[in-house]
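Q: Give me the fold of what follows.
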Amino acid sequence: MFHRSMKLTRCAKGATLSTLSAGSPFGEASLLRGEKRNASIRAISYCDVYRLTKHNFDGLLVKYPEFGARVREIMAQRQQDCR
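A: This next block holds a predicted model:
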């Protein structure tokens, strides 16, 4: 869910939506809404990626509400950018 530097691309057409910077989350819509993923990622350089299970992610939302608010803001901004 967090990484160094990756491109976020849509699966269907392979179009680049954005380039994510170090520490940017991805897959947040799937974790927050329980939906299937709506994009794929492709690393453009070496990166370390950390995976959170839905259970652990939900625990973070409870323990750190500001984290949840920030992830929701990021998700909303990305949805606006895709329109």
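
Q: all strands for the chain, in order.
A: Counting by DSSP state E, the chain forms strands over residues 6-9, 16-20, 40-43, given from the N-terminal end onward.

Q: mind listing what's buried in stretch 69-82?
A: Taking 16 or more other C-beta atoms under 10 Å as the neighbour-count basis, stretch 69-82 is seen to contain the buried residues 71, 74-75, 78. Where you see a C-beta, it was placed from the backbone N, CA and C, and this is true even at glycine.

Q: before we move on, what about stretch 17-33?
A: Taking 16+ other C-beta under 10 Å as the neighbour-count basis, stretch 17-33 is seen to contain the buried residues 20, 24-32.

Q: Include pLDDT and distance to T53 when you put those residues into TSV, please.
A: As requested, the buried residues of stretch 17-33 are exported to TSV (pLDDT from 0 to 100; distance: C-beta to C-beta, whole Å):
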residue	pLDDT	distance to T53
L20	77	21
S24	80	19
P25	82	14
F26	84	15
G27	86	11
E28	87	14
A29	86	16
S30	88	12
L31	90	9
L32	89	14
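
Q: Select from those every entry located in helices.
A: If you go by DSSP state H, the buried residues of stretch 17-33 have 28-32 in helices.
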